[in-house]
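What follows is a predicted structure for the sequence shown.
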Amino acid sequence: MMQISDSYNQKNSLFNAMNRFIGAVNNMDQTVMVPNLLRDVPLDDSEELKVPEASTTPSTNGSVYFQQDGDMYTSYILLKSIRNDIEWGVLQGDERPGEKVEVKEVKQAEAEDDLEKQFHFHLNGLHGVLSKLTLKANTLTNRYKEEIGCRN
C-alpha cells in the first residue's frame, strides 16, 4: 500500500513534471529539423489540444490557453525558452533587459500572506502550467510530423 501511494505522489511531483516537460521539449527539438517550416502553421488540432480534466483549474480553460498562440513557430520558440529558463535559471530584476519589477510591492504583499498557502498555490499552479506546456510540446511535435509527412 505504501509503494502505491509513494509512486502516485512521485508521478505528480514537481520534479517529475519538470522532467516530463524537458523531455517533451528535447524530443520536439530533435524532431523539428527545420523550425522555419513552423511559421504561419496554426496550432489548432483540437483533438490533441484537450487538456486532461485533472490539470485544468476553474479559473482557466485549458483549450483556450492553446488557441491564444499564433503559429507553431511562436510556440516552438516559447517552449524552448521556458526549457532553458528551467535548466539554467532566470534573470532576476535588473538583469532582465527591458523589464522592471516592483520588488518592494511584491515583497510587502508576500510578507502579509501565509507562506505555506503561497507555496502550495504556486506549486499547484506551476505543476498545472508544466502539464499544459508538456502537452503543447507533444502536440507541436506530432503536428510537425504530420506537416512533413512523417507520422509514426
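Noted; the coordinates are in hand.

pLDDT below threshold where in this structure?
In the prediction, the chain carries residues with pLDDT under 70 at positions 1-9, 45-69, 92-113, 151-152.

now do 80
With pLDDT under 80 as the threshold, the chain has low-confidence stretches at 1-12, 43-70, 90-113, 150-152.

Can you name every helix or strand that the longest helix along it contacts?
Residue-count comparison of every helix in the chain, with assignments taken from DSSP state H, identifies helix 115-148 as the longest. Using 3 or more C-beta pairs under 8 Å, 6 or more residues apart in numbering; DSSP states H and E as the contact test, the elements touching helix 115-148 are helix 14-31, helix 62-67, helix 72-88. In this view, the C-beta of every residue, glycine as well, is placed from N, C-alpha and C.

From Lys145, how far out is Met18?
Distance check for Met18 against Lys145: by C-beta to C-beta, to the nearest Å, it reads 25 Å.

Of the two, give the one with the bigger neighbour count.
Met18 (17 against 14; other C-beta atoms under 10 Å).

Backbone torsions only: list them for Ser13.
Main-chain dihedrals, Ser13, degrees, to the nearest 10: phi -70, psi 150.

How many residues are close by it?
13.

Ile86 too?
Here the number of neighbours of Ile86 (other C-beta under 10 Å) works out to 16.

what do you get for Met72?
Other residues near Met72 come to 23 when the count uses other C-beta under 10 Å.

how about the nearest residue to Leu37, chain neighbours excluded?
Residue nearest to Leu37 in three dimensions, not counting chain neighbours: Glu147, with 6.6 Å by C-beta to C-beta, 6 or more residues apart in numbering.

contacting residues around that neighbour?
Each residue near Glu147 by C-beta atoms under 8 Å, 6 or more residues apart in numbering is listed here: Leu37, Leu38, Val41.

so can I have a markdown table of these showing distance to Leu130, neighbour count and secondary structure?
Formatted as a markdown table, the entries for these read as follows, by distance: C-beta to C-beta, whole Å; neighbours: other C-beta atoms under 10 Å; DSSP: H, G, I helix; E, B strand; the rest coil:
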| residue | distance to Leu130 | neighbour count | secondary structure |
| --- | --- | --- | --- |
| Leu37 | 26 | 14 | helix |
| Leu38 | 22 | 20 | helix |
| Val41 | 24 | 17 | coil |
